[in-house]
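1. generate a structure from the sequence data that follows.
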Amino acid sequence: MHKDELLELHEEMVIIKDYFKSREEVDEDLFDTYESLDVSPDDIHKSKSEHKHAVFVLGNALATAMSEDEFSSAGRLGKRMEELADDAEGKI
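-> Got it, this is the predicted structure:
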């Protein structure tokens, strides 16, 4: 995936995050890890690796927001996103 495509994906995921963050039933601290990375889609000067890591961390949080438990489809997706985020963090 090219960096511009990754930035576009990141931007779309942030829109979804904002939707979930506005819902009352979603834990307000769920996206703290992503937000602490301080990497937004607007940060075009950040490396592709940093954006990739942010996308995986955000994907994990989004899957958690959608999951009923760790064994649901979204729960398994969240676990995989966590593994990918850990791998991507090692490449920053």
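2. and the residue nearest the centre of the chain, how far is that from residue 91?
-> Centroid-nearest residue in the chain: residue 58, 1.1 Å away (criterion: CA atoms, centre = their mean). The gap separating residue 58 from residue 91 is 17 Å, by CB to CB, to the nearest Å. Every C-beta, even on glycine, is put in place using the N, C-alpha and C of the backbone.
3. quick one: residue 16 from residue 66, how far?
-> For residue 16, the distance to residue 66 equals 10 Å [CB to CB].
4. what's the answer for residue 40, then?
-> Per CB to CB, residue 40 is found 22 Å from residue 66.
5. can you give me the strands in the protein?
-> Taking DSSP state E to define them, one finds no strands in the chain.
6. low-confidence ranges in it?
-> Applying pLDDT under 70 to the chain flags the ranges 68-72, 74-75.
7. if we use 90, what do you get?
-> 1, 20-28, 63-92 (pLDDT under 90).
8. can you map out the helices along it?
-> 3-21, 32-36, 48-66, 73-89 (DSSP state H).
9. tell me what the second one is packed against?
-> In this structure, helix 32-36 makes packing contacts with helix 48-66, judged by 3 or more CB pairs under 8 Å, 6 or more residues apart in numbering; DSSP states H and E.
10. between the helix it packs on and helix 73-89, how big is the angle?
-> Inter-element angle recorded for helix 48-66 and helix 73-89: 160 degrees (by axes from the mean of the first three to the mean of the last three CA atoms, to 10 degrees).
11. list the contacts for residue 13?
-> By CB atoms under 8 Å, 6 or more residues apart in numbering, residue 13 lies in contact with 55, 58-59, 62.
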